[in-house]
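Asks: here's my sequence, what's the structure:
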Amino acid sequence: MASPPAEAIARPTSASAFSPVVLAGCVRLAELALVSVTGLIVHGLQLSEVVPFGLPYAAAIVGIATAAVILFQAAGLYRMSALRGFVKPALRLLAMWTLAFLIAATVMVFAKVADHYSRVWLGTVFVAGLGLLLTGRFVLSRIIGAQM
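Replies: Down below sits the predicted model:
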């Protein structure tokens, strides 16, 4: 039989702690899904009766979501310090989100397919996606801050 102090040390202190690598991976996956679902929902609400959902919009959604996650990674937005804070990471997130849309628009123009996409759809996905990403990051920063 162990002494009470030894039992207290041996007992886990938290219910389930995620490693930083697992947490960053989960956030990446969640943001990829969030951006993709946002693009789908906006298309369904704005364009479903005018433009059928097809390969062009699917490619744009996947391209924007993938570019955003890659740019977020390059900007260090999946480090624990970025997940724990909000203001500075939010500014970097805004910059990378904007860059993802600039890249998408550039590809569309140079591929000569920009006429096939609704500008209202792109603008709505930009604003809605940014709002959802910032809301998610704010909530996550509060949860991580409460854990530490």
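
Asks: what stretches of the chain score poorly on pLDDT?
Replies: 1-17, 148 (pLDDT under 70).

Asks: what does stretch 125-139 contact?
Replies: Here stretch 125-139 makes contact (C-beta atoms under 8 Å, 6 or more residues apart in numbering) with 30-31, 34-35, 38-39, 42, 64, 68, 83, 86, 89-90, 93-94, 97, 101. Every C-beta, even on glycine, is put in place using the N, C-alpha and C of the backbone.

Asks: switch to 10 Å and redo it
Replies: With C-beta atoms under 10 Å, 6 or more residues apart in numbering as the test, stretch 125-139 has contacts from 27, 30-31, 34-43, 45-46, 60-61, 64-65, 68, 72, 77, 82-83, 85-87, 89-90, 93-94, 96-98, 100-101, 104, 118.

Asks: cool, stretch 92-111 as well?
Replies: 31, 35, 56, 59-61, 63-77, 82, 86, 113-117, 119, 122-123, 125-126, 129-130, 133-134, 137.

Asks: which of the contacts of stretch 125-139 fall in strands?
Replies: Assigned to strands by DSSP state E, none of these qualify.

Asks: how near is the residue most central in space within the chain to Pro52?
Replies: Closest to where the C-alpha atoms of the chain average out (C-alpha atoms, centre = their mean) is Glu31, at 2.6 Å. With distances taken as C-beta to C-beta, to the nearest Å, Glu31 is found 27 Å from Pro52.
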